[in-house]
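J.: Dropping a prediction and its sequence here:
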Amino acid sequence: MTNSTDIIFVQTLGCYVVIEYTSGLRSISFVKSKDRIKEKKTLGITFELERYFKGEKIDFSCDIDISHLSPFVQKVLGETRKIGYGKTIPYSELAKNIGCRGARAVGGALARNPVPIVIPCHRIVAKNGIGGYSAGVDIKTRLLELEKKRREA
DNA sequence: AGCAGGTTTAGCG
DNA sequence: CGCTAAACCTGCT
């Protein structure tokens, strides 16, 4: 079975992105240190991500392995995937879409998202301000800027 | 049970 | 407008 890890440097974010793939996309993470790692691009999703970071509007359609997560989290993440490129909605609205009012619960679910970007958790923002981000608000801001730029073009 | 979290809204100065 | 307090809901100990 396929089981591999890719890593690429992303200029836009100023950090490395690690992609883990097993029986589907398993996780995406951001690392700053460049020690003892070599760039590696073997997966299709990796190339899609590179194009995304270059500013292309990508519709990620690869399998994601999130079977180990709780039903509620899967529901939130599934709903998050439906949000279009360059679009942002508040936590409360996403909560309403899945039938509850607990905006904080939604935030909690998003914090457990193993695959940022492919599941665009950065498009969920607070009503007054940017809101939080598990990988760092600075990254969230840059992702939104990236999509905004593409949208205006 | 109890606490904390990527929020929200209402209430008060 | 900025600050505090209570309410909402799920996940972890």
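T.: Yep, it's here.

J.: what pLDDT does residue A:1 get?
T.: Predicted confidence (pLDDT) for residue A:1: 63.

J.: What residues of stretch A:30-42 count as buried?
T.: residue A:30 (16 or more other C-beta atoms under 10 Å). Backbone N, C-alpha and C define where each C-beta goes, glycine included.

J.: What would that stretch look like as CSV? C-alpha coordinates only.
T.: Output for stretch A:30-42, consisting of C-alpha atoms alone and laid out as CSV, is shown next (Å, rounded to 0.1, in the frame of the first residue of the first chain):
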residue,chain,number,x,y,z
PHE,A,30,4.0,23.3,8.9
VAL,A,31,7.6,23.3,10.1
LYS,A,32,10.1,26.1,10.3
SER,A,33,13.3,24.2,10.7
LYS,A,34,15.1,23.1,7.6
ASP,A,35,17.5,20.8,9.3
ARG,A,36,17.9,17.2,8.2
ILE,A,37,15.1,17.3,5.7
LYS,A,38,15.3,17.2,1.9
GLU,A,39,12.6,18.4,-0.4
LYS,A,40,10.6,15.5,-1.7
LYS,A,41,7.8,15.5,-4.2
THR,A,42,6.2,12.1,-5.0
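
J.: Any figure for the gap between the residue nearest the centre of chain A and DNA strand B?
T.: When C-alpha atoms, centre = their mean is applied to chain A, the residue found nearest the centroid is residue A:116 (1.8 Å). When C-beta to the nearest atom of the strand, to the nearest Å is the yardstick, residue A:116 and DNA strand B sit 6 Å from each other.

J.: So what's the residue count around residue A:3?
T.: Using other C-beta atoms under 10 Å, residue A:3 is surrounded by 9 other residues.

J.: Okay, now the unreliable bits of chain A?
T.: Confidence mapping of chain A against pLDDT under 70 gives the ranges A:1, A:151, A:153.

J.: what helix or strand does the closest residue to DNA strand B within it sit in?
T.: Ranking the residues of chain A by distance to DNA strand B (C-beta to the nearest atom of the strand) places residue A:132 first, at 2.1 Å. In this structure, residue A:132 is located outside every helix and strand according to DSSP states H and E.

J.: Please apply the same query to residue A:27.
T.: With secondary structure defined by DSSP H and E, residue A:27 is part of strand A:25-31.

J.: Are that strand and DNA strand B in contact anywhere?
T.: No. Counting by C-beta under 7 Å from any atom of the strand, no contacts exist between strand A:25-31 and DNA strand B, the nearest distance being 11.3 Å.
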